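S.K.: A structural model of the following input is requested.
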Amino acid sequence: MQVAVSYRERGHAHWLEAHTVNLSRTGLMMECRSGPSIGAPLDLLLMFEPPLATISCSARVVRAEHSALTNRWRVGASIFRYVFLRKPQPYSDGPL
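M.R.: Model prediction:
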């Protein structure tokens, strides 16, 4: 299942876009244009379509690989906290 993801390194204001390649309760693999450093803490928003749910997650990067062929990154992150938001909503620059 491919899910839209907005992510940022914790403490950064700017959100970036990605999509999942693989997703479980404890982690995910996402494809994105820039790769955060291994060990970096992430804020994630997983947006299930059609607007079914948005899940806010705290995660840590455990793997990052760049593909020269596609010029995209595959980033693996371990999820250690998640919260189902009451209703789907777009991301903002505020705290999680």
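S.K.: contacts and neighbour counts: CA atoms only from here.
M.R.: Will do.
S.K.: export the strand ranked longest in the chain as PDB, just CAs?
M.R.: Looking across the chain with DSSP state E, the single longest strand is strand 53-67. Written as PDB, here are the backbone C-alpha positions of strand 53-67 (Å, rounded to 0.1, in the frame of the first residue of the first chain):
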ATOM      1  CA  ALA A  53      -7.100   9.000   8.500                       C
ATOM      2  CA  THR A  54      -3.900  10.900   9.300                       C
ATOM      3  CA  ILE A  55      -1.300   9.400  11.700                       C
ATOM      4  CA  SER A  56       1.300  11.500  13.400                       C
ATOM      5  CA  CYS A  57       4.500   9.500  14.100                       C
ATOM      6  CA  SER A  58       7.900  10.000  15.800                       C
ATOM      7  CA  ALA A  59      10.600   7.900  14.200                       C
ATOM      8  CA  ARG A  60      14.300   7.500  13.800                       C
ATOM      9  CA  VAL A  61      16.200   6.900  10.500                       C
ATOM     10  CA  VAL A  62      17.800   3.500  10.500                       C
ATOM     11  CA  ARG A  63      18.700   3.200   6.800                       C
ATOM     12  CA  ALA A  64      19.200   5.600   3.800                       C
ATOM     13  CA  GLU A  65      20.200   4.600   0.300                       C
ATOM     14  CA  HIS A  66      20.400   6.900  -2.800                       C
ATOM     15  CA  SER A  67      19.600   5.600  -6.200                       C
END
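S.K.: how far is it from where the chain is centred?
M.R.: Between the centre of strand 53-67 and the centre of its chain there are 4 Å (Cα atoms, centre = their mean, to the nearest Å).
S.K.: which other residues reach that strand?
M.R.: 27, 35-48, 72-89, 96 (Cα atoms under 8 Å, 6 or more residues apart in numbering).
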